[in-house]
Structures are given as C-alpha cells and as structure tokens.
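J.: I would like the atomic coordinates for the input below:
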Amino acid sequence: MSQIRPLLEPVAAWFRQLGTPEPIVQWGHPLMMSIVIFVMGSFVGWAGWRGRILAATGGEAALKPRQDHRQLAPWLFVFIALGYIGGVLSLAIQEKPLLQSPHFWTGSVAVAVLGLNGVLSLSGFFGDKTTVRNLHAYLGSAALMLLAVHALLGLQLGLSL
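T.: Purely as a prediction, here's the structure:
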C-alpha cells in the first residue's frame, strides 16, 4: 500500500502548486460524488427497477426505463470509478493518510460490486438467465445502498480532516 503515495505524489504536487483553495480541495470530491451517487445513481436504480416491473406486466412501457438504465448505468460506473481515483488523489493532495479509512474500503467494495454488475450485464446475463438478471438487480441495489453508507463515512472523514 505504501507504494501508492510515491506514484500519486507528482500529480498531487502539481495540483498543490495550483493554489486551489483548501475548501475546494477538501469538499470538491464529496460534493461532486454526492451528485453522482444520489442523483444519477438513484435515477439509474429507479430506471432499472421500473423497467423490470413494467417488463413483468408485459407492457411496452418498459422499453424507455430499460433503455435509460442501459445507457446511463455504464456512465454511472465510469463516474464512480473516476471519483474513486479522485478521492484517493484528494487525500494525497491534502497529505493525509491513504487507503486506511472505512470510506476508502466501502468505496473499493462499491467499485468492485459495480464492476461485477457490469460484467453480468455485458455477458448478456449469461444467456438471459432469470437468476442472473435477479442477481444483477439486487447487486446493483446493494451497491447503491453501500454508496449511501460510503457517503456518510465520507462526510465523517471530511469533518475529521
């Protein structure tokens, strides 16, 4: 784990020399990621579940939410993954300990779970198997709940810095 700081330090030093105000360095990541998690994440989860429910009733109304979910979920993953990197970099910029807080570990698990969920989707649900589709839905929902806990741990971390 100690090998990460030397890799991040040149980038962190470059950002430090920009003279960005401390509140932006400390609270920029949490603000942006809160928007991603609570706005985009909620919409992606809602669209996924709405599409499932409407598809179960056999209506064509399921097409729009399923399409929304299919188009936005990959972007949610990209933003979460980039935010994960940005959060670690933010700690490096602030010269704080890396990879030690519960916030770091919940973020790591959330990125892994969302990545796994993406693999399930990209696999075509292993032949469109109902069990795999169900796993995808519940795993995605669990990841969003974990991200809510992650946000609370991030707030606690931010207040302690």
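J.: Compute the distance between L116 and G140, please.
T.: 10 Å (CB to CB, to the nearest Å). Glycine gets a C-beta too; all of them are placed from N, C-alpha and C.
J.: Closest to the centroid, which residue in the chain?
T.: I80 (3.1 Å; CA atoms, centre = their mean).
J.: which stretch of helix or strand covers it?
T.: helix 63-93 (DSSP states H and E).
J.: helix or strand right after that helix?
T.: Following helix 63-93 in sequence order, the next helix or strand is helix 102-122 (DSSP H and E).
J.: Counting by contacts, list what the helix or strand just after that next one packs against.
T.: Going down the chain from helix 102-122, the next helix or strand is helix 124-128, by DSSP H and E. Secondary-structure packing of helix 124-128 (3 or more CB pairs under 8 Å, 6 or more residues apart in numbering; DSSP states H and E): helix 130-160.
J.: just to revisit the earlier point, who has more neighbours out of L116 and G140?
T.: G140 (25 against 15; other CB atoms under 10 Å).
J.: Chain neighbours aside, what residue packs nearest to the more buried one?
T.: N117 (5.2 Å; CB to CB, 6 or more residues apart in numbering).
J.: before we move on, back to that, for the residue nearest to the centre of the chain, give me its contacts.
T.: For I80, the contact set (CB atoms under 8 Å, 6 or more residues apart in numbering) comprises 33, 36-37, 110-111, 114, 147.
J.: if I read this right, L135 contacts S123, doesn't it?
T.: No. Taking contacts as CB atoms under 8 Å, L135 lies outside contact range of S123: 11.3 Å.
J.: Give me the more crowded residue out of those two.
T.: L135 (16 against 13).
J.: can you pull the contacts of that one?
T.: Going by CB under 8 Å, 6+ apart, L135 touches L120.
J.: Kindly report the same for the one 4 residues further on.
T.: With contacts taken as CB under 8 Å, 6+ apart, L139 has the following neighbours: 113, 116-117, 120.
J.: how much space between it and T57?
T.: 23 Å.
J.: Quick check: of the contacts of L139, which has the highest neighbour count?
T.: Counting by other CB under 10 Å, top hit in the contacts of L139: N117 with 21 neighbours.
J.: Correct me if wrong: that residue contacts Y138.
T.: No. With contact defined as CB under 8 Å, N117 does not reach Y138; the gap is 9.8 Å.
J.: Look up the pLDDT of the nearest residue to A61 once chain neighbours are set aside for me, please.
T.: Using CB to CB, 6+ apart and skipping the chain neighbours, the partner closest in space to A61 is L54 (4.9 Å). On the pLDDT scale, L54 is placed at 94.
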